[in-house]
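Visitor: how would this look folded up:
(chains A and B, ligands or ions: 2)
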Amino acid sequence: MFNNIFKKQRYYFDSEGLLVVDMAPSSAVHYQEAVKAATQDAGFAGEDMVINFGPQHPSTHGVLRLEVVLEGELVKKVTPHLGYLHRNFEKHAEHIPYNEIVPYTDRLDYLAAMNMNWGYVLAVEKLLGLTELPERVEYIRVICAEFNRIASHLMAIGTFGLDAGAITPFLWAFRDREKILDLFEWLSGARMLYNYIWVGGVARDLPDGWVEKAREFLDYFEPMMVEFNKLLTHNHIFIERTAHVGILPADVAINYAATGPVLRGSGVKWDLRRDEPYSIYDRFEFDIPVGEGMYGPVGSAFDRYWVRIREIEESVKILRQALDQIPEGDVFEAIPRKIRPPAGKEAYFRSEAPRGEIGFYIRSNGSDIPDRVKCRSSCFVNISLIDEISRGQLVADLIINIGSIDIVLGEVDR
Amino acid sequence: MRTYFRNVYRGLITILIGMRQTWRHLFTPSVTLQYPHEKWDLPVGTRQQLFVNIDDCIGCYKCARICPVDCIYIDTVKAKPDEDLGKASTGNPIRQHLVRFDIDMFKCCYCNFCTTVCPTDCIYMTDKYETSVYDRSNGIYHFSKYAPDYAAKLIAEEKAAEEAKAAARAAAKEKAMAAKKAKVAE
Ligand code: SF4
Ligand code: SF4
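Guide: Ligands and ions are numbered 1, 2, ... in the order given. As a prediction, the model looks like this:
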């Protein structure tokens, strides 16, 4: 076995006739070429195999079923099959009043429920023409959204490491995410499904000492992120594993209407918080990180991961500014007593959730129940890229690709 | 070949850097608890199992109406004019018998809407969360203090009273009709 490493030939058959591929120049690209050459030489080509991947597979991040057409170990086609978590959000929303829909939006992207609440509430506020909100409400909303972005990205990078075979970073990411959830539990009473951001305000004011505790967490968290990077991000094996797979060129990403870290990983600087600043995001200083292609082509799985790491740092920056500037005030004064927009009015609002743009289209019919609610989900759009970025790669890279897109099935299926 | 050794070297070094981090963490206090034996303290205002202090409930239906999943079931019987049911601790007079107040905790989504609208703050969330049961019907909590037969009696009385009222109304109507007819005939 060891002798073969230095031979020119990149594959051979061992004594039992099994195919063994050398990892000699140990990069994923060479490995793929070797497998391709080997499967063709050995006459494996032409025999397609269809396997069902999921819906109960732990690395599909939920109940996602992928129908994968394989040629040997190469992926020829991936078709995602959705709907296992369908809860009929849009139709259901046509039967309940505006304010009662908020708990249902929690269940869209349950890893970033604050951002979902906020996206929906912003659309209703646009419909009502409610633009002047108390300063304190705006600050609380930004703080919650950014904390939730950190929690959601921690989950994304932790499970991405797990997909690549690293268990410790996953546990560390969860340990820090747990601290954010503790803060949220103190604030809203719930750990994941908050129902916290309401039309015109928030459900509760910040408890005494919450701001100090939040600052304490940030002080604790920043060194932890450095450790996390040492452990996983700069690990050479991890880089080699991810920096050459799942290449998504910028034009393809734009054609597919991908948003969020998936788009920014391909080098497109597009973030609604900067390009269409809603709420008070124009007051804060932060960068929009994009994929740089440090270790391979731009738009690889590693770039999407790297964008998330950098976004966590930027969120910490926003949080520090917001926690310093938060004014006193009444958070309940702008909550309308009756939400009854005039008939026939419609509004669409999009905002930047951790996984991309979340947009809500609402049409009113004059009563306190909406006529139509449409949710534009970023994960639903992003998952359609899975075929584009996995075609021609190995089946093991498919796992990495799903992890790098970072989908939440609650939002895909709605 | 040089790439190969460089990759091996880098792989080893970066793993050692990571190992140093994990090694250091071996000596930090653990962040987990042995759950059934130890538990985390829950903060004030945590949202778990619902509870209704039925003595304070005035039967206003506000909680049942705002519940997004419709999991609160309330039936009331109006008190008779000479009956005094007292007052809630907030001073709101109680004017109805709450013959049924059930909450289906399996349907509840713990959204906290019902507790925010209650005028007497008698429905609230406790910090009890270990509420798994073997049978689905055990997840429906009954808060009404009326015994089933007494509740049935109250409902029957109200029904009878209503029927009597309806009959009286019908009779009055007939009488008016007859008077009208007589007038027209004249
Ligand atoms: S918490 Fe929400 S779902 Fe549960 S009973 Fe109250 S209003 Fe209904
Ligand atoms: S809102 Fe409060 S007082 Fe009114 S019916 Fe519900 S529990 Fe009773």
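Visitor: CA atoms for contacts and neighbours, from now on please.
Guide: Will do.
Visitor: who's in contact with residue B:58?
Guide: B:88, B:92-96, B:120 (Cα atoms under 8 Å, 6 or more residues apart in numbering or on different chains).
Visitor: how about the residues you listed in JSON lines, adding secondary structure and distance to chain A?
Guide: Shown next, in JSON lines, are these (DSSP: H, G, I helix; E, B strand; the rest coil; distance: Cα to the nearest Cα, whole Å):
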{"residue": "B:88", "secondary structure": "coil", "distance to chain A": "25"}
{"residue": "B:92", "secondary structure": "coil", "distance to chain A": "22"}
{"residue": "B:93", "secondary structure": "strand", "distance to chain A": "24"}
{"residue": "B:94", "secondary structure": "coil", "distance to chain A": "25"}
{"residue": "B:95", "secondary structure": "coil", "distance to chain A": "26"}
{"residue": "B:96", "secondary structure": "strand", "distance to chain A": "27"}
{"residue": "B:120", "secondary structure": "coil", "distance to chain A": "18"}
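Visitor: in chain A, where's the longest helix?
Guide: helix A:135-163 (DSSP state H).
Visitor: report all helices and strands that it contacts.
Guide: Here helix A:135-163 touches helix A:113-128, helix A:168-188, strand A:201-202, helix A:301-325, helix A:395-405, going by 3 or more Cα pairs under 8 Å, 6 or more residues apart in numbering or on different chains; DSSP states H and E.
Visitor: try it again at 10 Å.
Guide: For helix A:135-163, the helices and strands in contact under the criterion 3 or more Cα pairs under 10 Å, 6 or more residues apart in numbering or on different chains; DSSP states H and E are helix A:113-128, helix A:168-188, strand A:197-198, strand A:201-202, helix A:210-228, helix A:301-325, strand A:346-353, helix A:395-405.
Visitor: now, of the contacts of residue B:58, which are buried?
Guide: B:88, B:94-96, B:120 (16 or more other Cα atoms under 10 Å in any protein chain shown).
Visitor: what's the neighbour count on residue 170?
Guide: You didn't say which chain, so I picked chain A. Using other Cα atoms under 10 Å in any protein chain shown, residue A:170 has 22 neighbouring residues.
Visitor: was after chain B, sorry
Guide: 12.
Visitor: element containing it, please.
Guide: Here residue B:170 sits within helix B:148-185, counting by DSSP states H and E.
Visitor: mind listing what's buried in that helix?
Guide: B:151, B:154-155, B:158.
Visitor: ditto for stretch A:128-147
Guide: Within stretch A:128-147, the residues that count as buried by 16+ other Cα under 10 Å are A:128, A:130, A:133-147.
Visitor: pull the contacting residues for residue 149.
Guide: This is for chain A. A:111-115, A:143, A:155, A:308, A:311-312, A:315-316, A:352-355 (Cα atoms under 10 Å, 6 or more residues apart in numbering or on different chains).
Visitor: that answer is for a different chain, and I need it for chain B
Guide: Contacts here follow Cα under 10 Å, 6+ apart; on that basis residue B:149 touches residue B:155.
Visitor: check the one 3 residues further on too.
Guide: For residue B:152, the residues meeting the contact criterion (Cα under 10 Å, 6+ apart) are B:99, B:146, B:158.
Visitor: assign residue A:343 to helix, strand or coil.
Guide: coil (DSSP: H, G, I helix; E, B strand; the rest coil).
Visitor: test my guess that it contacts residue A:362.
Guide: No. Taking contacts as Cα atoms under 10 Å, residue A:343 lies outside contact range of residue A:362: 11.6 Å.
Visitor: what residues are shared contacts of these two?
Guide: A:370-371.
Visitor: so between the two, which is more surrounded?
Guide: More crowded of residue A:343 and residue A:362, by other Cα under 10 Å: residue A:362, with 24 against 13.
Visitor: from residue A:278, how far off is that one?
Guide: Distance, residue A:362 to residue A:278, using Cα to Cα, to the nearest Å: 18 Å.
Visitor: residue B:104 pairs with what?
Guide: residue B:140 (DSSP bridges).
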